[in-house]
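Participant: for reference, the sequence and a predicted model appear below.
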Amino acid sequence: MPLRPAMAEKSINLASAFHLAGFKHVIASLWPLNDAVAADAARHFYRELP
């Protein structure tokens with residue numbers, strides 16, 4: 001999806017950037033996390049997927 005000039009003033013977060021870049025699965029947090037906590041959360045999340 002190309003960036004349209006009308007949307008140039010819109011901000012984008014890192015998770016949205018990865019999603020727009022083609023990554024199908026993105027896990028993000030709205031607050032800062034310790035790297036070990038984030039990795040553990042992602043591990044548990046993906047373990048529970050069917």
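Facilitator: Everything's here; your move. If you're wondering where the values come from, they're calculated on a predicted model, not measured in any experiment.
Participant: and the pLDDT at the residue lying closest to Ile12 once chain neighbours are set aside?
Facilitator: Nearest residue to Ile12, sequence neighbours excluded (C-beta to C-beta, 6 or more residues apart in numbering): Leu20, at 7.5 Å. Placement of C-beta: from N, CA and C, glycine included. Per-residue confidence (pLDDT) for Leu20: 87.
Participant: the residue nearest to the spatial centre of the chain - nearest residue in space that isn't next to it in sequence?
Facilitator: The C-alpha lying nearest the average C-alpha coordinate of the chain belongs to Ala15 (C-alpha atoms, centre = their mean; 2.3 Å). Nearest residue to Ala15, sequence neighbours excluded (C-beta to C-beta, 6+ apart): Ala28, at 3.3 Å.
Participant: the one you found contacts Ile12, correct?
Facilitator: No. If you go by C-beta atoms under 8 Å, Ala28 and Ile12 don't touch, sitting 11.9 Å apart.
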